[in-house]
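predicted structure and sequence below. I'll ask about it afterward.
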Amino acid sequence: MGKRISIECAHAASLAVKLANVDVIAAYPITPQTHIVERLAEYVANGELDAEYINVESEHSAMSACIGASAAGARVYTSTAGQGLALMHEMLFIAAGNRLPIVMGVANRSLSPNLNIWGDQSDMMASRDCGWIQIYAENAQEVFDHTLQAFKIAEDERVLLPVAVCFDGFHVTHVIEPLITLDQEEVDRFLPKHRKAVYKLTPDQPSTWGPVAGPDIQTELKVQNEWALNSSKDVILEVWREFGDLFGRYYAPLETYKVEDADAVILILGGFAGTGRVAIDKMREEGKKIGLVKLRLYRPFPIQEVKDLLTRVKAVAVVDRAISAGGLGGPVYGDIRNILYDEEHRPKVLSFIAGLGGRDITVKDFKRIGEKVLDVAAKGHSEHKVDFIQVRI
Amino acid sequence: MSAQAFRSIKDIPLEEYFTPGHRACQGCGETIAVRHILKAAGPDVIVVNATGCLEVISSPYPYTAWAVPWYHVAFENAAAVASGIEAALKVLTRKNLISGKKIHVVCFAGDGGTADIGFQALSGALERGHDFLYVCLDNEAYMNTGIQRSSSTPYGAWTTTSPPGKVKPAGQMTYKKDLPSIFAAHGIPYVATATVAYPLDLINKAKKGLEVEGPAYLHVYTPCSPGWRIPSEKVVQVSRLGVQTGMFLIYEVENGQLRLTVKPSRRKPVTEYLKMQGRFRHLSDEDVERIQRLVDERCAKFGLPPLEAST
């Protein structure tokens, strides 16, 4: 059985990658992701992990090398953050479009300018339409579990898509937390020791990959990618269920906290859900009917689950750690509002933008957000504008 | 140096891995090169193709000209994709997950994909020592997008983005980037230049590049009929004149030792090469003299004979 240890969250990702027995790692250093690949380099150097470690000269080449290695049939991992993810942007679409089961850790970091190495989610949100499965983790356990599960999901014949496991730079990556590990035998019961590549580049069966496609066929090819991503949800749920049955930790696209009788909820992705729960407890002590929703699975979007849950409340505050530029609020806010629009009993949806460039979102901030959303829930109407939290101008 | 694998045209395999029916222009220089290089590689190869003419003419979905596994990812990263493929083959072989037979990895990219946008990725892959052959098909401009200058376009060439005008009378006012020297400076085991007029030289170099352990760089001058403004039936002749005038220096650098492999006994004046091509039609006598002077200097360094006219 796995042990309970304390570990830096970044190293929890490295440990999961080692246990997943990856074949190829291609990575480029960037804060706050670097600890993940440093530890992987040590595993390879010590012979604890038999993999090819490619020290590429850029993140663009990191993803390009992952694409090549995955197309050749290898189990592949990389991780990046912020500018690195932005530099990979072009390749993200190709990895997904070519149906390559690459797993990537994203240590969410702010985008330049100005140079800021700290956390927010503007990096992944700028690439959210790249066709990848996107999962947000909150702590060491989730980083570890979701990274392991990602290989199984990605490589499933019914999926064959890349998976990004996202977790906040510094607020998650650099924090030492408790982790219940799995030993190799346990992992091997869950994840096949090696990837079984159904389609790959091999002289035994020559195939042409990445051809020219004109207006006569591009639509069909793009639509098939969209179908693949949408239908991956069933497999994701199946893998999470199987993981839970084996190891006792079950996951769902949404994680809820004290929502049963709530008039209003706060919805957030990633590590600050923890602070959010503390704020919910305090507000509950004051008799306020408020709960918290953590969105774990961001793409494919858990449309039905979100609808089922949020149509039961009167108001939702969406806290984004990114801006969708041009007056539309946060990107997750846009998604939530979008899918609720046609519902008969739709709640008011409020956009809050907080925690940019590594700034804390405090319990006090969550309480302020909570009071606003409860007020809207009580009144039944909203004149809410996009609300930037803790702005000193 | 090992013995030549192909001693005469008759030794070149009959098997075709880059098959007819593709959509290249008549007389296309780079398709001649690709066809021969793949004959040197044989069937056990994975090809990575940068975006460019070659990719476009060979893979209009759902057709393909490739009888070997072929992957086009993007413009600037053929060498990085090849790095990943090579690493995967290595580790999967080590883990006994694929058969142990040697599978070559070959990149094809144009001069834009090598000298400009793919330069960094290639430098990185060479430095890391991946075992692959990178082939630059140098037609001296971005031909796929309609003849725009690259950093491999020679001084004095017309292109659509280096048009001769009152201020810039020569057209391309800068000098061709010396890619083989740059990549030889990476200290890789094998660097060579070749051109399609000398297929035996080309195919033997491809073979050698494939067989060395570690990275090999093969720079092939591939004249382009529409881009160079030459009739399609003159492509090979222009290629040969490039060598005979000293415009193309055909050599190999093996473990640091440079050796000319095609050495014209007499050197023709560059005008013979330039006047065949519409892209140089606007050049003044001074421009031509300037090009001649530069070629003379470079040839002297490489130990080629002085200009025929001057002897």
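Received, thanks.

for chain B, what spans make up the strands?
Here chain B has its strands, by DSSP state E, at B:45-49, B:70-72, B:104-110, B:133-138, B:190-195, B:216-221, B:250-254, B:257-262.

mean neighbour count added to those, as CSV?
C-beta coordinates here come from the backbone N, C-alpha and C atoms, glycine included. What follows is the strands of chain B, written out as CSV (neighbours: other C-beta atoms under 10 Å in any protein chain shown):
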stretch, mean neighbour count
strand B:45-49, 28
strand B:70-72, 26
strand B:104-110, 29
strand B:133-138, 28
strand B:190-195, 27
strand B:216-221, 27
strand B:250-254, 21
strand B:257-262, 14
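
okay, the closest residue to A:D365 other than its chain neighbours: pLDDT?
Leaving aside its chain neighbours, A:D365 sits nearest to A:I389 (5.2 Å; criterion: C-beta to C-beta, 6 or more residues apart in numbering or on different chains). pLDDT recorded at A:I389 is 96.

check contacts around A:T147.
Neighbour list for A:T147: A:A12, A:A13, A:A16, A:V17, A:A20, A:V103, A:G105, A:V165 [criterion: C-beta atoms under 8 Å, 6 or more residues apart in numbering or on different chains].

secondary structure element holding the second one?
When secondary structure is defined using DSSP states H and E, the element that contains A:A13 is helix A:9-19.

show me what that helix is packed up against.
Here helix A:9-19 touches helix A:34-46, strand A:103-108, helix A:140-155, strand A:163-168, strand A:176-180, going by 3 or more C-beta pairs under 8 Å, 6 or more residues apart in numbering or on different chains; DSSP states H and E.

give me the contact list for the helix or strand just after the shortest one.
Following strand A:176-180 in sequence order, the next helix or strand is helix A:184-190 (DSSP H and E). Taking contacts as C-beta under 8 Å, 6+ apart, the residues outside helix A:184-190 that touch it are A:M1, A:G2, A:L19, A:A20, A:L148, A:K152, A:L182, A:E242, A:F243, A:L246, A:F247.

10 Å instead?
Residues from elsewhere that reach helix A:184-190, judged by C-beta atoms under 10 Å, 6 or more residues apart in numbering or on different chains: A:1-2, A:16, A:18-21, A:148-149, A:151-152, A:181-182, A:193, A:239, A:242-243, A:245-247.

quick one: name the residues of the stretch 1-150 of chain A near chain B.
When proximity is defined by C-beta under 10 Å from any C-beta of the partner chain, the stretch 1-150 of chain A lies next to chain B at A:21-26, A:28, A:50-58, A:60-76, A:90-91, A:93-95, A:98, A:102.

7 Å instead?
Residues of the stretch 1-150 of chain A lying close to chain B by C-beta under 7 Å from any C-beta of the partner chain are A:23-24, A:26, A:50-52, A:54-58, A:60-61, A:64-69, A:71-74, A:90, A:94.

so among those residues, which ones count as buried?
In the residues of the stretch 1-150 of chain A next to chain B, burial by neighbour count holds for A:23-24, A:26, A:51-52, A:54, A:56-58, A:60-61, A:64-69, A:71-74, A:90, A:94, counting by 16 or more other C-beta atoms under 10 Å in any protein chain shown.

give the contact list for the nearest residue to B:K90 once chain neighbours are set aside.
Nearest non-adjacent residue to B:K90, counting by C-beta to C-beta, 6+ apart: A:E52, 5.8 Å away. Applying C-beta atoms under 7 Å, 6 or more residues apart in numbering or on different chains to A:E52 gives the contacts A:D23, A:V24, B:A87, B:K90, B:V91.

tally of neighbours for the residue in chain B positioned nearest to chain A?
When scored by C-beta to the nearest C-beta, chain B has B:G84 as its residue closest to chain A, at 2.8 Å. Residues lying near B:G84 (other C-beta atoms under 10 Å in any protein chain shown) number 35.

before I go, just wanted to say thanks for your time.
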